[in-house]
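Q: For reference, the sequence and a predicted model appear below.
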Amino acid sequence: MTVAITPIQYALSVISGILVGFSLGLIGGGGSILAVPLFLYFVGLDTIPDAAHIAIGTTALAVGLNAYINSYMHLRKRNVAPKVGAYSPA
């Protein structure tokens, strides 16, 4: 069963993404805890079967991609010392 979302829900998703992105930039954390309720209740995805699982998976993917991209950028700028991070005195 496929469920299509409306153009209004797309627009609300973009607004939610901007709000979550702004809050992440402002305080530095808490994106998933804000994004899941926004997806479910503000965007109106709570009527879709298994909506909570979809919202959690979507926000986990977004947070993971964001972490990967930012880690890569810091690695390129040499802000990270991988050898120091991997060193583990026994």
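A: In hand now; what should we look at?
Q: next one: the lowest-mean-pLDDT helix or strand in the chain to chain centre, how far?
A: None of the helices or strands of the chain scores lower by mean pLDDT, DSSP states H and E than helix 31-37, at a mean of 83. Centre-to-centre, helix 31-37 and its host chain are 8 Å apart (CA atoms, centre = their mean, to the nearest Å).
Q: Now that helix: buried residues?
A: G31, S32, L34, A35, V36 (16 or more other CB atoms under 10 Å). In this view, the C-beta of every residue, glycine as well, is placed from N, C-alpha and C.
Q: helices and strands around the lengthiest helix in the chain, which ones?
A: For the chain, the helix with the greatest residue count under DSSP state H is helix 51-76. Packing contacts for helix 51-76, counted by 3 or more CB pairs under 8 Å, 6 or more residues apart in numbering; DSSP states H and E, involve helix 31-37.
Q: quick one: contacts of the helix it packs on?
A: With contact meaning CB atoms under 8 Å, 6 or more residues apart in numbering, helix 31-37 is reached by 16-17, 19-21, 23-24, 52, 55-56, 58-60, 62-63, 66.
Q: what's the answer for stretch 39-49, then?
A: 1, 3, 5, 9, 12-13, 15-16, 51-52, 54-55, 58-59.
Q: what would those look like in a markdown table with distance to H74?
A: Formatted as a markdown table, the contacts of stretch 39-49 follow (distance: CB to CB, whole Å):
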| residue | distance to H74 |
| --- | --- |
| M1 | 42 |
| V3 | 39 |
| I5 | 35 |
| Q9 | 35 |
| L12 | 32 |
| S13 | 28 |
| I15 | 29 |
| S16 | 27 |
| A51 | 34 |
| A52 | 33 |
| I54 | 31 |
| A55 | 29 |
| T58 | 25 |
| T59 | 22 |
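Q: of the residues you listed, the lowest pLDDT goes to which?
A: Lowest pLDDT of those: M1, 59.
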